[in-house]
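K.L.:
Build me a model:
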Amino acid sequence: MLLKIKEFADFCEVSVRALHLYDRLNLLTPAEVNKSNGYRYYDSGQLKELNTIISFKKLGFSLADIKDMKAEGYSMDSVKRKLQEKKVENDRSIHILSYNNENIDSMLAHLKAEPEKETAEGEAVSISRIYCLENEKLEHDFSDILWL
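P.N.:
Residues are numbered from 1 along each chain as shown. Sure, this is the predicted structure:
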């Protein structure tokens with residue numbers, strides 16, 4: 001049984017716009033396109049493929065990455081490689097965010113210890129200089145983070 005694009009989108013809880021994009025990128029092409037009116041139709045067999053796309057998107061993969069995996073037939077090797085790459089990318093992000101939180105905590109502690117000054121903007125500028133621009137350790141740590 002064929003479903004119009006809107007019916008398929010509603011059933012799968014995705015937007016029609018997303019299905020148009022997936023079609024344009026050759027990630028998920030309609031089972032049939034009516035030549036006279038351009039209506040796109042999908043069949044129930046395409047649910048699995050759409051769920052695969054959605055699952056990879058939820059893990060943070062780009063559509064280009066998903067397209068690469070699809071081009072390789074979602075082979076075990078290509079999926080495993082992409083998952084490992086994504087894990088390394090996530091670990092880098094976690095490390096950077098953790099480092100940023102440490103700096104935020106330091107800045108908050110500094111603000112808490114200092115009596116309020118008349119110009120908050122001036123204080124913010126001096127704190128940012130202390131913790132970002134004049135800190136040699138920051139530059140060293142940041143270069144380490146970039147080269148993980």
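K.L.:
which element is residue 57 on?
P.N.:
Under the criterion of DSSP states H and E, residue 57 resides in helix 47-58.
K.L.:
Need the contact partners of that helix.
P.N.:
Residues from elsewhere that reach helix 47-58 (CB atoms under 8 Å, 6 or more residues apart in numbering): 12, 14, 22, 27-28, 63, 65-66, 69, 74. To be clear about C-beta, it is placed using only N, CA and C from the backbone, and glycine gets the same treatment.
K.L.:
Adding secondary structure and pLDDT, write these out as TSV.
P.N.:
Below are the contacts of helix 47-58 laid out as TSV (DSSP: H, G, I helix; E, B strand; the rest coil; pLDDT from 0 to 100):
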residue	secondary structure	pLDDT
12	helix	93
14	coil	96
22	helix	97
27	coil	96
28	coil	97
63	helix	97
65	helix	95
66	helix	97
69	helix	95
74	coil	94
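K.L.:
quick one: which of these is nearest to residue 99?
P.N.:
The closest of these to residue 99 turns out to be residue 65 (CB to CB; 25.9 Å).
K.L.:
Please read off the pLDDT at residue 7 from the model.
P.N.:
Residue 7 is assigned 95 on the pLDDT scale.
K.L.:
my guess is it is in a helix, correct?
P.N.:
Yes: under DSSP: H, G, I helix; E, B strand; the rest coil, residue 7 falls within a helix.
K.L.:
Name the residues of the helix holding residue 57 that are buried.
P.N.:
49-50, 52-53, 56 (16 or more other CB atoms under 10 Å).
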